[in-house]
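# Sequence and predicted model, in that order:
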Amino acid sequence: MNALRTLIACRRGGTAAEFALLLPLSMLFLFGIIDVGRFGWDVNRAEKATQTGARWAVATDIIPGGNEDDGLKNYSFTVGSGVPQGTIVPASDFPEVSCQTDGSSPTSQVACSCDGCAFSVTIDSTAQAAWDAMIARMQAIDPAIGPQNVRIDYSYSGLGFAGDPNGADVAPIVTVSLRTDDPATRLTFHPLTLYLFHADLPLPSFSYSLTMEDGDGTYSN
């Protein structure tokens, strides 16, 4: 009986028991602080990669149509669409062009789409090389980015003129975006606090726009 009273009254393991109760909460709090910093890093890196991709896109080869004579880079709106020489190409003759992969795999080829474009948006070797170079430049900033995560849009700006002998007839607004239209094409964040649950958090959407510069070449700063 005395031994039982002694055992009940014993407090020598109290500290260990309290530590065992507090340790999971302390670890969760610590990993939560680390995750906040990691999340901020991933967001900043993805945003910077998007900006860098847009900068690359406006200073290198135009993607829709590649180097084909009827591609956007070489298309004459005077000859092909009847826009008077030296005048601004109207918005009706330059619908928005979007280029992206189908998102099924990181090795999918890029494709461009346009509703009502008179010029070609097919992908030749020059166009694919321009896309691949842009993706590679973005990956130098954020290695998590793959071709399936990126979309590029060429939209009307009102700049340029029909029959320009020194380059493309139009200088579109080029927007590079990180896609959020499908879970397979969206960048995600892997928090330490949810590691055991294999749960990921989607990153927000990012996009950056610049006006086309020369639209010709294979390298940009």
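Okay, I see it.

# so who does A127 touch?
Neighbour list for A127: 61, 63-67, 71, 110, 112 [criterion: CB atoms under 8 Å, 6 or more residues apart in numbering]. Using the backbone N, CA and C atoms, a C-beta is placed for each residue, glycine as well.

# Which parts of this structure are helices?
Counting by DSSP state H, the chain has helices at residues 2-9, 14-59, 77-81, 125-141.

# quick one, which of those is nearest to P165?
Closest approach to P165 among the helices of the chain (CB to CB): helix 77-81, 10.8 Å.

# where does the residue most central in space within the chain sit relative to K48, distance-wise?
Per CA atoms, centre = their mean, the C-alpha nearest to the average position across the chain is that of L178, at 2.7 Å. To K48, L178 is 12 Å away according to CB to CB, to the nearest Å.

# sorry, back to before: contacts only, for the closest residue to the residue nearest to the centre of the chain other than its chain neighbours.
In this structure, L178 finds its nearest non-sequential neighbour in F206, 4.6 Å apart by CB to CB, 6 or more residues apart in numbering. Counting by CB under 8 Å, 6+ apart, F206 touches 46-47, 50, 177-178.

# same check, this time on C117
64, 94-95, 97.

# Select, from the contacts of A127, the two members most distant in space.
The span of these, defined through CB to CB, is set by N67 and V110 at 14.8 Å.

# more crowded one of the two?
Set side by side, N67 and V110 show more neighbours around V110, with 22 against 16, by other CB atoms under 10 Å.

# The more buried one contacts Q128, doesn't it?
Yes - assessed by CB atoms under 8 Å, V110 is found in contact with Q128 at 6.3 Å.

# Which secondary structure element of this structure has the lowest mean pLDDT?
Lowest mean confidence among the helices and strands of the chain (mean pLDDT, DSSP states H and E): helix 2-9, at a mean of 62.

# who's the residue nearest to the centre of the chain bridged to?
Beta bridges link L178 to V150, F206 when assigned by DSSP bridges.

# if I look at it, how far off is D70?
Remark: distance between L178 and D70 (CB to CB) = 30 Å.

# before we move on, what about G217?
If you measure G217 against D70 using CB to CB, the figure is 21 Å.

# and those two? which has more neighbours close in?
Neighbours were counted for G217 and for D70 using other CB under 10 Å; D70 has more, 16 against 12.

# what's the neighbour count on the nearest residue to that one once chain neighbours are set aside?
Excluding its sequence neighbours, the residue lying closest to D70 (CB to CB, 6+ apart) is S120, at 4.4 Å. For S120, the neighbour count with other CB under 10 Å is 20.

# go on, E68?
By other CB under 10 Å, 19 other residues sit near E68.

# Quick check, it in contact with S125.
No - counting by CB under 8 Å, E68 does not reach S125; the two are 10.5 Å apart.

# Quick check: pLDDT value at the nearest residue to G32 once chain neighbours are set aside.
Distances taken as CB to CB, 6+ apart put T193 closest to G32, at 5.5 Å, once the chain neighbours are dropped. T193 carries a pLDDT value of 84.

# Number of residues surrounding T193?
The number of residues packed near T193 is 16, by other CB under 10 Å.

# can you start the count at 170 instead of 1 from here on
Fine by me, first position is 170 from now on; the one you just mentioned is T362.

# Against S376, how distant is it?
The gap separating T362 from S376 is 29 Å, by CB to CB.

# T357 now?
Separation of T357 from S376 (CB to CB): 18 Å.
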